[in-house]
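I need the structure of the sequence given here:
(2 chains)
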Amino acid sequence: MDDLPCGIVSFDDTGRVVFTNAGLRAMLGYDAGELEGGHVERLLTVAGRIFYQTHFFPLLRLTGSAREVFLLMRTKTGADVGALANASRTTRGGETMIDCVLMEVHERRKYEEELLRARQAADRANEELAAHARALEAALDREREQALEIELQTQHTQDQAAELEAQQEELQAAYDQLLARRDELEAARIAADDANRAKSQFLTTMSHELRTPLNAIGGYVQLMEMEVQGPITEKQRQSLKRIMSSQRHLLQLVNAVLDLARIEAGRLEYRLEPVDVEAMVAGVVPMVEPQLAEGQLKLTHSVEPGLCVRADREKAQQVLINLLTNAVKFTPEGGEVSVQARVDDSSRLVRIEVRDTGIGIPPEQLPRVFEPFVQVPSQERREREGTGLGLAISRDLARGMGGDLTASSSLGAGSTFTLALPRA
Amino acid sequence: MDVLTRNNVKVSGAGAQPMLFAHGFGCDQNMWRFVAPAFADDYRIVLFDYVGSGRSDVAAYDAARYATLDGYADDVLDVCHALELRDVVFVGHSVSAMVGVLAAKREPERFAELILIGPSPRYLNEAPEYVGGFERSDIEGLLETMDKNYIGWANYLAPAIMANAERPELGAELSESFCSTDPVIARRFAEATFYADNRADLADVRVPSLILQCSEDIIAPREVGEYVHRALGGSTLRQMQATGHCPHMSAPEETIALMREYLSRRNGD
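Have a look, this model is predicted:
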C-alpha cells in the first residue's frame, strides 16, 4: 500500500480514521500513526469539511461510492492541497468502512480553474448580450412608437393641410365673388355716371329750351306794356300783367326745378368765401320791403357786428330771401318778422334765425316742411302760390355749404327757421 | 404545473397525522430513507424535493424566489396547501430546520411539532459575540469546491448509480438524480443557506419543537444548538451521541429513538 502512487485513507461512518498509507501522509505532511483514530475532517479545509458533511458523506451513504470528487485537503502545516477522490463504502467483516483514494491535481486544478473562469466569462458575456438585446428591443420599441407618433402627426398635418386647402378654396371663391361684385359696382357706377351725365346734359338742354320761350313771352309782354306796338287799353294792361305774373311764376318754377335737379346731380358748385352776416342781412331786407309794406308788417333785424360766415354769398342770400318771403307770407297783418344772428354754443357755427308771428306749424307737419312739393296749408296764405320747392332747395344749399336749415314752431305763436352756417 | 409534480411529492404511510420530511442542502428526499419508514405505521409520510433538487421540476426554478430561504418556505407551504395538511409534524434537516421555522412563522396553525435536526439560524460568525462557525472565506471555499465538482459530477448519471444497486445494504430504490443536478441552482442554494440570517425569526415561533444536536458537528456546533434552544420558545434540546452533521444517515436508530420518545411524550402516551 505504501508504494502506491496515490493517497489512501479509510474511515468509518463516524469519520474516524482507521488507515492511511505513506502516500497520503506524504501528501499532507504527517508521520505514521498521527492520523489514525482521529477524524477524517482533520484532513480537510473548512470548506472541504462542509462539503464532506453536505455532499460527500451523503453520496457515499446513499449510493455507496463517489467518483472524481474534488476536495480541498489540508496539510499538517495548514496549506491547501487540491485532490480528486474516489471512494467506496463497503461492509467488511460486519464493519462498514469507507475507502478513499486521493490524487493531487495541480495541473488539472489549474486547467479546471481556467475552464471555470472561461465558462463564467462566457456566461457573463451571454448575460451582457442578452441585456444588450433587451435594450435594443426596448430601443426598437421606442423607435416604433416614435414612428407611429410621427405617422399620426403626419396624418394630422395632412388633415390640417387639406383643411387649409379647403379654406383657401373658400377664400378664393369669396374673393372671386368680391371681384365680381366690384365689377358689378363698377358697372353700376359707370351706369350711374352715365345716367348723371345724361341727366346733366338733359338739364343743360332743358334749361335752355325752357327759358328761351319763357324769355320770349316776357320780352313780348314788356314790349306791349311799353306800347311800342301801339296803345293798349286798361283792360289789356291788366291782362298783360297777369301774363307777366304767370311767366315769372313759370320761370321761377323752371329755375327751382332745374336747381333742385342740379343739386341732386351734385352739379352745383359752391364758391365759399367769408361773408359778413350783417351786410348780407341788410342786403336782402329791401327785397321783401314791398310785401312788408303790403301787409303792414314790421321787420326787425339784429346781428352781432363783425360776425362772418364761410359761405357761397349768392346761395346764402337765396336761402335768406326764401326764409324771409315765407315769414312775411305767413305773418298776419300787423305782425312782426325778425331776423337775428348770433354765434352758437359750440362757437363754430353762426345761427341766423328768421322769426315770424304767424299761426305756426302743427307739430305733426313740422318734419315735412323740408320735403319737396310739400306746402303747409294755411288759411292766411297770400294769393301768390309758391312752388313748394323753396325750403327743400334751401336746406340742400345750406347743407352744401357745410351748415343746415332747421325749423321750430309753436301753434298760434309763430315759427322760427334757423340757418346755421360755419363761422369764418 | 401542479405542486405535487413540481416538488416530486411522495405520500405513503398508514397514519392520519402527516409527518412532512424536508431535506437539507446538498441532497434530496432520499436522505430520509433510513428514518421515514419507521414512522409509516403511525403517520402519513410526506416526502418532497425542493425545486432545483432531486427530481423536482427544474424548469420551475426561479432565481429570485429561491434567492432566500423564504422561497423554500413557500415550497413547504405549497405542499401543505396542495395536500391540505393539518396538524403537521415537520422534520427538517440542516437548513430545512430554518425553512420549517419560517413556514411555521407564516402559518403556525398548520404545524403541530417541529423536529429540527442540526439547525443553525446563521452560519457566519458575527463579531463580537455570535459564533456561527464560519467565516466568509470558508463559504467561498465551499462554493469553489462545488463549482469544481460540477465538472466531476457530469459523470454522475444513471449508469454509475445503477452499479451500486449490487450493494444490498443500500436498498433497492435509488433515484436517478442524486443531490443537485444543476450546478447553478446548487450554488444559489448554497448562497441562500450560508448567507442567511434568521436569528430574529426564532422568537416569533410558538410551535413546540425538538432540537437534535449532534456531537462534533462543525456545521451546527453545540453553541449554535443552544442558541436556537434559548431563542425558540417551547423547544426541547436533545444531545445526540452521533457525530457529524447527518445523524439520520450515520446514526438512524438513535435518530428514530429520540424522535419517538419526544412524540409519545408530547402526545401523552
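
of all the residues in chain A, which one is nearest chain B?
A:Ala47 (2.8 Å; C-beta to the nearest C-beta). C-beta coordinates here come from the backbone N, C-alpha and C atoms, glycine included.

for that residue, what are its contacts?
Residues touching A:Ala47, when contacts are defined by C-beta atoms under 8 Å, 6 or more residues apart in numbering or on different chains, comprise A:Leu72, B:Asp138, B:Ile139, B:Glu140, B:Gly141, B:Leu142, B:Glu144, B:Thr145.

not counting sequence-adjacent ones, nearest residue to it?
Leaving out its chain neighbours, the residue that sits closest to A:Ala47 by C-beta to C-beta, 6 or more residues apart in numbering or on different chains is B:Gly141, at 2.8 Å.

please, which helix or strand holds the one you found?
Using DSSP states H and E, B:Gly141 sits within helix B:136-153.

Three-state assignment for the residue of chain A closest to chain B, please.
helix (DSSP: H, G, I helix; E, B strand; the rest coil).

please apply the same query to A:Ser409.
Looking at A:Ser409 with three-state DSSP, the answer is strand.

tell me the confidence at it?
The score at A:Ser409 is 90. That number is its pLDDT.

how about B:Ala154?
40.

likewise A:Pro372?
Spelled out, the predicted local distance difference test score at A:Pro372 is 74.

which phi and psi does it have?
Recorded main-chain torsions at A:Pro372 are phi -60, psi 140, according to degrees, to the nearest 10.

so stretch B:37-51, near chain A or not?
No - under the criterion of C-beta under 8 Å from any C-beta of the partner chain, chain A is not reached by stretch B:37-51; the shortest gap measures 13.8 Å.

gap between the two ends of that stretch?
23 Å (C-alpha to C-alpha, to the nearest Å).

what does it rub up against?
Contacts made with stretch B:37-51 from outside it, assessed by C-beta under 8 Å, 6+ apart, are listed as B:6-23, B:28-29, B:32, B:36, B:55-58, B:60-62, B:66, B:72, B:75, B:79, B:83, B:85, B:89, B:189, B:256, B:259-260.

what's the angle between the helix or strand A:Ala166 falls within and helix B:136-153?
Secondary-structure assignment from DSSP H and E places A:Ala166 in helix A:106-225. Computed with axes from the mean of the first three to the mean of the last three C-alpha atoms, to 10 degrees, the direction of helix A:106-225 lies at 100 degrees from that of helix B:136-153.

got the angle for the next helix or strand after helix A:106-225 vs helix A:106-225?
Once the chain leaves helix A:106-225, the next helix or strand it forms, by DSSP H and E, is helix A:234-264. Note on geometry: by the same axes, to 10 degrees, helix A:234-264 and helix A:106-225 are set 170 degrees apart in direction.

mind listing what's buried in helix A:234-264?
Of the residues in helix A:234-264, A:240, A:243-244, A:247, A:250-251, A:253-263 count as buried by neighbour count, 16 or more other C-beta atoms under 10 Å in any protein chain shown.

just those residues that are near chain B?
Judged by C-beta under 8 Å from any C-beta, the overlap between the buried residues of helix A:234-264 and the neighbourhood of chain B is nil.

who does the lowest-mean-pLDDT helix or strand in chain A touch, helix- and strand-wise?
Lowest on mean pLDDT, DSSP states H and E among the helices and strands of chain A sits helix A:289-295, with a mean of 82. Identification of packing neighbours for helix A:289-295 by 3 or more C-beta pairs under 8 Å, 6 or more residues apart in numbering or on different chains; DSSP states H and E yields helix A:313-330.

how far does the helix it packs on sit from the chain's center?
Its chain's average C-alpha position is 55 Å from that of helix A:313-330, according to C-alpha atoms, centre = their mean, to the nearest Å.

and the angle from that helix to helix A:234-264?
Computed by the same axes, to 10 degrees, the angle between helix A:313-330 and helix A:234-264 is 130 degrees.

and the host helix or strand of B:Thr255, which residues are buried?
Taking DSSP H and E as the criterion, the element that holds B:Thr255 is helix B:252-266. The neighbour-count criterion (16+ other C-beta under 10 Å) identifies B:Pro252, B:Glu254, B:Thr255, B:Ile256, B:Leu258, B:Met259, B:Tyr262, B:Leu263 as the buried residues of helix B:252-266.

give me the pLDDT for A:Gln238.
With respect to pLDDT, A:Gln238 scores 92.

please apply the same query to the one 10 residues further on.
Among the per-residue scores, A:Arg248 holds a pLDDT of 87.

which residue is the nearest non-sequential neighbour of it?
When the adjacent residues along the chain are set aside, A:Arg248 lies closest to A:Gly218, with 7.7 Å between them (C-beta to C-beta, 6+ apart).

would you agree that neighbour is in contact with A:Gln247?
Yes - with contact defined as C-beta atoms under 8 Å, A:Gly218 counts as touching A:Gln247 (5.0 Å).

rewinding a little: what sits up against the helix holding B:Thr255?
B:34-35, B:38-39, B:89, B:91, B:113, B:115, B:117, B:208, B:210, B:212, B:236, B:238, B:240-242, B:247-248.

just the helices in chain B please.
B:3-6, B:69-83, B:95-106, B:136-153, B:158-163, B:183-194, B:199-202, B:222-231, B:247-250, B:252-266 (DSSP state H).

who are the packing partners of the longest one?
Contact analysis of helix B:136-153 by 3+ C-beta pairs under 8 Å, 6+ apart lists helix A:46-51, strand A:65-74, helix A:106-225, helix B:183-194 as its packing neighbours.

go again using 10 Å as the cut-off
Counting contacts by 3 or more C-beta pairs under 10 Å, 6 or more residues apart in numbering or on different chains; DSSP states H and E, the secondary-structure elements packed against helix B:136-153 are helix A:46-51, strand A:65-74, strand A:80-92, helix A:106-225, helix B:183-194.

try the second one
Judged by 3+ C-beta pairs under 10 Å, 6+ apart, the packing partners of helix B:69-83 are helix B:3-6, strand B:18-22, strand B:44-47, strand B:88-93, helix B:95-106, helix B:183-194, helix B:199-202.
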